[in-house]
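*Asks:* Dropping the sequence and predicted coords here.
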Amino acid sequence: MPGASQRLDALLVAAAARLAEAGSPTPRLDAEVLLCHLLEVDRTWLYTWGDREADPAMAERFAALVARREAGEPVAYLTGEREFWGLRLATEPSTLIPRPDTETLVEAALERAKAASGSLLDLGTGTGAIALAFASERPAWRVLGVDIRPEAVALARRNAVRLAIVNAEFRQSDWLSALAPAEGEAAERFDLIVSNPPYLADDDPHLARGDLRFEPVSALVAGEAGLADLRHLVAVARGYLAPGGWLLLEHGAEQGRAVRDALQAADYREVATRRDLAGHERVSLGRLA
């Protein structure tokens, strides 16, 4: 692919062909994002200046990134960032890559955040994507994100700083354990609790394909056919919700009924499920009576 003198558009064509043969579902997009990353330009610039000659050293670096993508490494890990809700988030292999499906969860939370101020808790925050997206839309709300992994908490904090979002904070916690009240004290209460917890079964075939092969298994897989963490959060969130507060949980496309059943069994009201853009059941929610 690299050579003494090649045009940028020729590099893109060759890279996209390689990635298509390797099975990438978006070969041209992958190639453009990787090249933009190296050139520090946007895709509009590529469309305008694709006839420019590529520097040989840059072409070598581009070929190396394309080879890693051919092997399956996620583009978000190769570039170190991913856009979510219009925000450019830094990414690391220690956390899940934010995905468009999760914007369904942000939308559902915002619809239930009509008050001028309030509080939201994001459990298993990872990059901080959900917490930061919500905080960017509700600057008068207090937003707290927690994660069991210290590297995820550090990453979420860096994302908040780079985006200049000041109403979101992040702590290390195994779900709600760090928020447990001291003896004789009342638990901290939130108007909204949201989470995109692990929800894949350990034998889910998706784990052997695509980007999931490179993402942390602990953030993907749960027991009880993927439902263990979802059921746990339904049970424990009640003690941290304000009266009338909402619990919103992202889940797999086939898990909506099971999550609704768990919410109803725990006496949540107004239980419902939101579908993502592909029409799959993606977020189930309920309100504390």
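*Replies:* Nice, I can see it.
*Asks:* where do the strands sit along the stretch 101-250 of the chain?
*Replies:* 119-123, 142-147, 168-172, 190-195, 241-250 (DSSP state E, counting those that start in this stretch).
*Asks:* so the last one versus strand 190-195, what angle?
*Replies:* Direction vectors for strand 241-250 and strand 190-195, defined by axes from the mean of the first three to the mean of the last three C-alpha atoms, to 10 degrees, enclose an angle of 20 degrees.
*Asks:* In terms of secondary structure, what does strand 241-250 contact?
*Replies:* Judged by 3 or more C-beta pairs under 8 Å, 6 or more residues apart in numbering; DSSP states H and E, the packing partners of strand 241-250 are helix 103-111, strand 190-195, helix 228-237, strand 281-288. Just so you know, the C-beta spots here come from the backbone N, C-alpha and C atoms, and that holds for glycine as well.
*Asks:* just these: most buried one?
*Replies:* Most buried of the helices and strands packed on strand 241-250, by mean neighbour count (mean count of other C-beta atoms under 10 Å): strand 190-195, with a mean of 25.
*Asks:* Run the angle between that strand and strand 281-288 for me.
*Replies:* Going by the same axes, to 10 degrees, strand 190-195 makes 150 degrees with strand 281-288.
*Asks:* same question for strand 190-195, mean pLDDT?
*Replies:* The predicted model assigns strand 190-195 a mean pLDDT of 98.
*Asks:* And for stretch 236-254?
*Replies:* 97.
*Asks:* What residues sit buried inside that stretch?
*Replies:* 236-238, 240-241, 245-252 (16 or more other C-beta atoms under 10 Å).
*Asks:* Now do it: distance to the chain's middle.
*Replies:* Centre-to-centre, stretch 236-254 and its host chain are 18 Å apart (C-alpha atoms, centre = their mean, to the nearest Å).
*Asks:* For the stretch 1-150 of the chain, just list every one of the helices.
*Replies:* 8-22, 27-39, 43-49, 56-70, 75-79, 103-111, 129-137, 150-162 (DSSP state H, counting those that start in this stretch).
*Asks:* my read: residue 178 touches residue 187, true?
*Replies:* No - here residue 178 lies out of contact with residue 187, judged by C-beta atoms under 8 Å, at a distance of 12.0 Å.
*Asks:* got a list of what the residue nearest the centre of the chain touches?
*Replies:* Residue closest to the average C-alpha location in the chain (C-alpha atoms, centre = their mean): residue 98, at 2.4 Å. Applying C-beta atoms under 8 Å, 6 or more residues apart in numbering, one finds that residue 98 lies in contact with 82, 84, 89, 91, 126-127, 129.
*Asks:* Columns distance to residue 149 on top of the buried residues of stretch 236-254, output as a markdown table?
*Replies:* What follows is the buried residues of stretch 236-254, written out as a markdown table (distance: C-beta to C-beta, whole Å):
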| residue | distance to residue 149 |
| --- | --- |
| 236 | 19 |
| 237 | 20 |
| 238 | 25 |
| 240 | 21 |
| 241 | 25 |
| 245 | 26 |
| 246 | 26 |
| 247 | 22 |
| 248 | 22 |
| 249 | 20 |
| 250 | 18 |
| 251 | 21 |
| 252 | 22 |
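*Asks:* Thank you kindly, that will do.
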